[in-house]
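turn this into a structure:
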Amino acid sequence: MNTQSPAHRASNLLPTGHPTSNIQHPTSNIQYPTSNTLIQMRQIVKTFRSAAGEFTALKGINADFHRGEFVSVVGRSGSGKSTLVNMLTGIDRPTSGEVKIGDTYVHRLSESNMAKWRGRNLGIVFQFYQLLPMLSLLENVMLPMDFCEMYAPNERQARAIKLLQLVGLGQVVRAMPAAVSGGQQQSAAIARALANDPPIIVADEPTGNLGSRAAGTVMQIFDSLVQQGKTIVMVTHDTGLAQRASRTLLLADGEIVSQTIASALPLLTHQQMLQATHNQQPRQFEPGATIIRQGDTGDYFYIITRGYVDVTLQQAAGREITVTRLGPGQYFGEVALLCGGRTIANVKAAPQTPVKVVILEREIFTGLMDQAQAARQAMTRVARDRLAENAALGGPAEKENNCYA
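Residues are numbered from 1 along each chain as shown. Below you'll find the model as predicted:
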């Protein structure tokens, strides 16, 4: 094995002035805020300027990421996913707005301090691995420790071997990147990202070049890291993999789509979801408050964001019965809006705690349904089922509404 350190052997590939010194103790210098919020993005705008004109990739992004959270960032090509990740890593800087990680305002750091901070606090996993081909897997994993002077020199090799074992590469630690599979190269890249024990892992399409089995291995590693308290932010086009995260951030045209809207109305296009996001209005109702009264004209579509509501039915004999209880992510109010009649039941905030909802006004909701026929058909099926259930319990008959017209 070459006796030169990996950092020395790779140094001819780095620009002059790459910071490899003046870094102190190997412990991460990030300080967590008193809350569980680790990353805060506030009013992030990123505008690119060229001879062809201006293009705004991010438009007033506000987002928080928490310690020990696994967040997937999804959206169509050009939606702003990679630009958002570049704001987090300091690879690019916002045109306006603030990025705060722990107690550090990342966008304010100088280039040299940015490199030092990034080396200690972030592990970055790329789609194309970015392993140095002239170094073994072991040397690639040791490289960040050498550059940032993390850990004692006589501890680095043992730590790198341990990390490669963690990702299932204990038998090939001295292999060159070209001698192993793409999945193994990506596993080695994850080990390299963990070299300096950063609290945050940022992965940009980490499974984009892998088959399903190798992608599954990468996701198992990420799941394990989250259990250890790491925060992972992963950009992906794969909706199946995105669903394995604890939370999904959906971007459309440089803006964040409301997760409440995306979950309740999944058959809308991303642009339609963004339109609904712009028009949603938050409301809060105290325990026991009436939200909808049976027989009234329905003017709003409601999605519950916190708390519970009780759906009750006023029978012909005057007796009120409870039909069901709805909770976060569920919706109501669609029957009167889609079927042209009046509201078919009472909806009240549950008696224990306040309930929070977002509402869409009739014009906005019906306009979206007119644009998205698949969403309208799915919502109409729900409305019909609710009408039939209410009719069976002695509520308004189906013929009083137009769902079957």
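
residues touching F285, list them.
Shown in contact with F285 (C-beta atoms under 8 Å, 6 or more residues apart in numbering): 291, 349, 354-355, 357. (Glycine included, C-beta is placed from N, CA and C.)

where does the prediction get shaky in the stretch 301-405 of the chain?
Along the stretch 301-405 of the chain, the parts satisfying pLDDT under 70 run over 316-318, 394-405.

so where do the strands sit in it?
Under the criterion DSSP state E, counting those that start in this stretch, strands of the stretch 301-405 of the chain are mapped to 309-314, 320-326, 331-332, 346-349, 355-361.

hmm, back to that, nearest to L88 among the contacts of F285?
V357 (31.5 Å; C-beta to C-beta).

on that earlier part again, of the contacts of F285, grab the buried ones for ChimeraX.
To isolate the buried members of the contacts of F285 in ChimeraX, using 16 or more other C-beta atoms under 10 Å:
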select :291,349,355,357
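
what's the most distant pair in the contacts of F285?
The most distant members of those, if one measures by C-beta to C-beta, are I291 and P354, lying 11.5 Å apart.

give me the neighbour count for the closest residue to P144 other than its chain neighbours.
Closest residue in space to P144, ignoring its immediate chain neighbours: A195 at 4.1 Å, by C-beta to C-beta, 6 or more residues apart in numbering. Residues lying near A195 (other C-beta atoms under 10 Å) number 24.

now G211
11.

what does N36 give?
Burial of N36 is recorded as 12 neighbouring residues (other C-beta under 10 Å).

so it makes contact with H66?
Yes: the pair N36 / H66 is scored as a contact, 4.7 Å apart, by C-beta atoms under 8 Å.

buried ones in stretch 376-391?
Counting neighbours by 16+ other C-beta under 10 Å, one finds that the buried residues in stretch 376-391 are 376, 379-380, 383-384, 386-387, 389-391.

host element of the nearest residue to Q184 once chain neighbours are set aside?
Leaving aside its sequence neighbours, Q184 sits nearest to L169 (C-beta to C-beta, 6+ apart; 6.1 Å). Under DSSP states H and E, no helix or strand contains L169.

number of residues surrounding L169?
22.

mind listing what it touches?
Shown in contact with L169 (C-beta under 8 Å, 6+ apart): 137, 180, 184, 187-188, 191.

one more time with 10 Å, if that's ok
L169 is in contact with 137-138, 141, 161, 163, 175, 180, 184-185, 187-188, 190-191, counting by C-beta atoms under 10 Å, 6 or more residues apart in numbering.

same check on P287?
307-308, 348-355.

for the contacts of L169, which two are the farthest from each other?
Maximum pairwise distance among the contacts of L169 (C-beta to C-beta): 17.2 Å, between I161 and Q185.

and those two? which has more neighbours close in?
Using other C-beta under 10 Å as the criterion, I161 and Q185 rank with Q185 on top: 23 against 19.

quick one on the thing from earlier: secondary structure class of the residue nearest to P144, three-state.
For A195, the secondary structure call by DSSP: H, G, I helix; E, B strand; the rest coil comes out as coil.

gap between it and A383?
55 Å (C-beta to C-beta, to the nearest Å).

could you dump stretch 42-52 to PDB, C-alpha only?
Extracted C-alpha coordinates of stretch 42-52, given in PDB (Å, rounded to 0.1, in the frame of the first residue of the first chain):
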ATOM      1  CA  ARG A  42     -36.300  31.500   6.300                       C
ATOM      2  CA  GLN A  43     -37.600  33.300   3.200                       C
ATOM      3  CA  ILE A  44     -35.000  31.700   0.900                       C
ATOM      4  CA  VAL A  45     -35.000  33.200  -2.600                       C
ATOM      5  CA  LYS A  46     -32.500  32.100  -5.200                       C
ATOM      6  CA  THR A  47     -32.300  33.900  -8.500                       C
ATOM      7  CA  PHE A  48     -29.900  32.900 -11.300                       C
ATOM      8  CA  ARG A  49     -28.900  35.600 -13.800                       C
ATOM      9  CA  SER A  50     -27.600  35.000 -17.300                       C
ATOM     10  CA  ALA A  51     -27.600  36.700 -20.700                       C
ATOM     11  CA  ALA A  52     -31.000  35.200 -21.400                       C
END
